[in-house]
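> What would the 3D arrangement of this be:
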Amino acid sequence: MSNQPLYFEDVEFGDDIGPIIKEVSDQSVIDFVSIRAPETEPSRFTSKEVAQSQGLPEAIVPGAMNIALMSQLLTGWSETVSLLKLDVVFRKTVPHNTPLKFSGIITDKDESGSNNLECDITMENDEGVKLVIGNALISLPSRP
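Reported below is the predicted structural model:
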């Protein structure tokens, strides 16, 4: 997260958000799925063997966790960001223990007084393949 507050007037069409690099560990996926059910059975999210039995090359990051990671790119940009809406498209499965690059770009700035910004966001693997793409609506306060 940025230490500096960000204001609507500071942001322009075409500004970049990020990039940030994260890696989702096996343990972080287990911790995530355990929130809903503390005693989890092995699944395609937590077990390479189960994932392979379902035709996947390895265990994958759950969709809801991918959405949470995408939202962190936006809310981590500045403490003043409010995330209003996030739509994502899953293009490929997201594996564990792989560097992931999260980035975004401002695609629209509402000058009519709402202080809303639209942005496109992506999650890519280390080969530049887009795994998850999305569009978000965020809001920033005006300068005091």
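> Ends of stretch 111-119, what's the gap?
Stretch 111-119 stretches 15 Å from its first residue to its last (Cα to Cα, to the nearest Å).
> Can you tell me what sits against it?
By Cβ atoms under 8 Å, 6 or more residues apart in numbering, the residues outside stretch 111-119 that reach it are 8, 11, 17, 74, 84, 104-110, 135-142. Backbone N, C-alpha and C define where each C-beta goes, glycine included.
> what helices or strands is the longest helix belonging to the chain leaning on?
Scanning the chain for the longest helix, with DSSP state H as the assignment, gives helix 63-75. Under the contact criterion of 3 or more Cβ pairs under 8 Å, 6 or more residues apart in numbering; DSSP states H and E, helix 63-75 touches strand 16-23, helix 26-36, strand 82-90, strand 99-109, strand 116-124, strand 130-139.
> Any idea which of these gets closest to Asn66?
Judged by Cβ to Cβ, the one of those that comes nearest to Asn66 is strand 130-139, at 5.3 Å.
> Next, the buried residues of that closest one.
Using 16 or more other Cβ atoms under 10 Å as the test for burial, strand 130-139 gives 131-138.
> Mind listing the strands it pairs with, and their directions?
Partner strands and pairing direction for strand 130-139 (DSSP bridges) are strand 82-90 (antiparallel), strand 116-124 (antiparallel).
> the bottom helix or strand of this structure by mean pLDDT?
helix 26-36 (a mean of 88; mean pLDDT, DSSP states H and E).
> Compute the inter-axis angle for it and helix 63-75.
Counting by axes from the mean of the first three to the mean of the last three Cα atoms, to 10 degrees, helix 26-36 lies at 110 degrees to helix 63-75.
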